[in-house]
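**Q** what's the 3D shape of this:
(one chain, ligands or ions: 1)
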Amino acid sequence: MSATPQLVTGRAELAATLAAPRRDGARVGLVPTMGALHEGHASLMTRARADVGDGPVVVSVFVNPMQFGPGEDLDRYPRTLDADLEVCADRGVDVVFAPPVEEVYPVWPPSVTVDPGPLADLLEGVTRPGHFAGVLTVVAKLLGLVRPDVAVFGQKDYQQLVLIRQLAADLCLGVEVVGAETVREPDGLALSSRNRYLDAEQRRHALALHRALRVAAEAAPSGLSAALDAARAEVRDAVGVDLDYLEITRPDLSPVPRDAPAGTEARALVAARVGTTRLIDNLPLVLGHTGGTA
Ligand code: PAF
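**A** Numbers count the residues shown, from 1 in each chain. You can find the predicted model right below:
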């Protein structure tokens, strides 16, 4: 039986809780989440523990209103704090920081926010304007409140991870940002808090996203266009899946150059709607001859 983590809801209590370990030279790890925790989040906690050793691992559970657009699922986003505490206890988390909205946003709407720059206009940003300003603003706040040495995020939200790395580097935040591998079901479905919106049939349909990424990776030695065409066809032919985008970029989300040599590392990223649920996924791949961008 694991020890229950300390549940903290206020800034002052959080600072007081972390003061002693920090004074003793302990490293502090943070796993920012919006709750509805699953094995994917649990793997981030394990990664944080491996990094900080005996130092405190903090998991934040906060459904950030600033990253939801009008008509998105802010109201129905699952809130499961009791179950979340159990997942955290199981992974030896020391502190769960679950603040109310006013504790994170004493002024709403906030007057100072983070401008994520042009990378936020691509991919997710096309249909979710303002989303990454919301993500980076809350991540900056959480990093300021917890002041961790290391913060662990999942690669499943790949564009988010790239932007958070850039936030930490550009604003000299002095935190190490770790991107942990996506955890998948045995059939390939990437774990996501939003999977719980899917019924059994939709869940089967959702497998098309991972299938398409695998197709892209398999076709990648034949070049960028071949990989894109094969992967897009896989989703377009799939029943019950409405493709939003399927793109292949460099790992930093820049376009693959026309003259990129064989062996160029890239990332395939997909977003699609299954019923009313929007899902995303991505996979690394290595391109053969590129023959230009599509
Ligand atoms: O990935 C998430 O759960 C959220 O976008 C994050 C990073 C916790 C910010 O709210």
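**Q** residues contacting Asp84?
**A** Contacts for Asp84 were tallied using C-beta atoms under 8 Å, 6 or more residues apart in numbering; they are 33, 35-37, 59, 61, 96, 98. In short, each C-beta sits where N, CA and C put it, glycine included.
**Q** if we go to 7 Å?
**A** Asp84 is in contact with 35, 37, 61, counting by C-beta atoms under 7 Å, 6 or more residues apart in numbering.
**Q** mind checking pLDDT for the first one?
**A** The predicted local distance difference test score for Gly35 is 98.
**Q** Ala206 sits in which helix or strand?
**A** Assigned by DSSP states H and E, Ala206 falls within helix 200-219.
**Q** how about Leu285?
**A** Per DSSP H and E, Leu285 falls inside strand 277-287.
**Q** so where's the chain uncertain?
**A** Along the chain, segments meeting pLDDT under 70 span 1-2, 290-294.
**Q** pull up the residues of it that are close to the ligand.
**A** 32-34, 64, 67, 135, 138-139, 157, 160 (C-beta under 6 Å from any ligand atom).
**Q** and with 8 Å instead?
**A** 32-34, 60, 62-64, 67, 134-135, 138-139, 142, 153-154, 157, 160, 164, 193 (C-beta under 8 Å from any ligand atom).
**Q** name the residues that touch stretch 149-167?
**A** Contact with stretch 149-167 is made by 27-32, 40, 44, 47-48, 51-52, 114, 116, 119-120, 123-124, 132, 135-136, 139-140, 143, 175-182, 190, 192, 252-253, 267, 269, 281-282, as judged by C-beta under 7 Å, 6+ apart.
**Q** from the centroid of this protein, which residue is nearest?
**A** Centrality entry for the chain: nearest residue to the mean C-alpha point is Asp157, 3.2 Å, by C-alpha atoms, centre = their mean.
**Q** what about the helices in the stretch 51-200 of the chain?
**A** Ranges of helices within the stretch 51-200 of the chain are 81-90, 101-104, 124-127, 131-146, 158-170, 200-219, based on DSSP state H, counting those that start in this stretch.
**Q** quick one: closest of these to Asp73.
**A** When those are compared by C-beta to C-beta, helix 131-146 sits nearest Asp73, at 12.4 Å.
**Q** helices or strands up against that closest one?
**A** Based on contacts counted as 3 or more C-beta pairs under 7 Å, 6 or more residues apart in numbering; DSSP states H and E, the elements that helix 131-146 packs against are helix 11-23, strand 29-33, helix 124-127, helix 158-170.
**Q** so how far is that helix off the chain centroid?
**A** 13 Å (C-alpha atoms, centre = their mean, to the nearest Å).
**Q** which parts of it are buried?
**A** 131-143, 145-146 (16 or more other C-beta atoms under 10 Å).
**Q** hmm, who's touching stretch 198-215?
**A** For stretch 198-215, the external contacting residues (C-beta under 7 Å, 6+ apart) are 187-190, 230-231, 234-235, 238-241, 246, 268, 270, 272, 274-275, 277, 279, 281-283.
**Q** which of those residues are buried?
**A** Among the contacts of stretch 198-215, those buried by neighbour count (16+ other C-beta under 10 Å) are 189-190, 230-231, 234-235, 238, 241, 246, 268, 270, 272, 274, 277, 279, 281-283.
**Q** just list the residues touching the residue nearest to Ala140 when sequence neighbours are not counted, thanks.
**A** Nearest residue to Ala140 in three dimensions, chain neighbours excluded: Val114, at 5.4 Å (C-beta to C-beta, 6 or more residues apart in numbering). For Val114, the contact set (C-beta under 7 Å, 6+ apart) comprises 133, 136-137, 140, 167.
**Q** lovely, talk soon.
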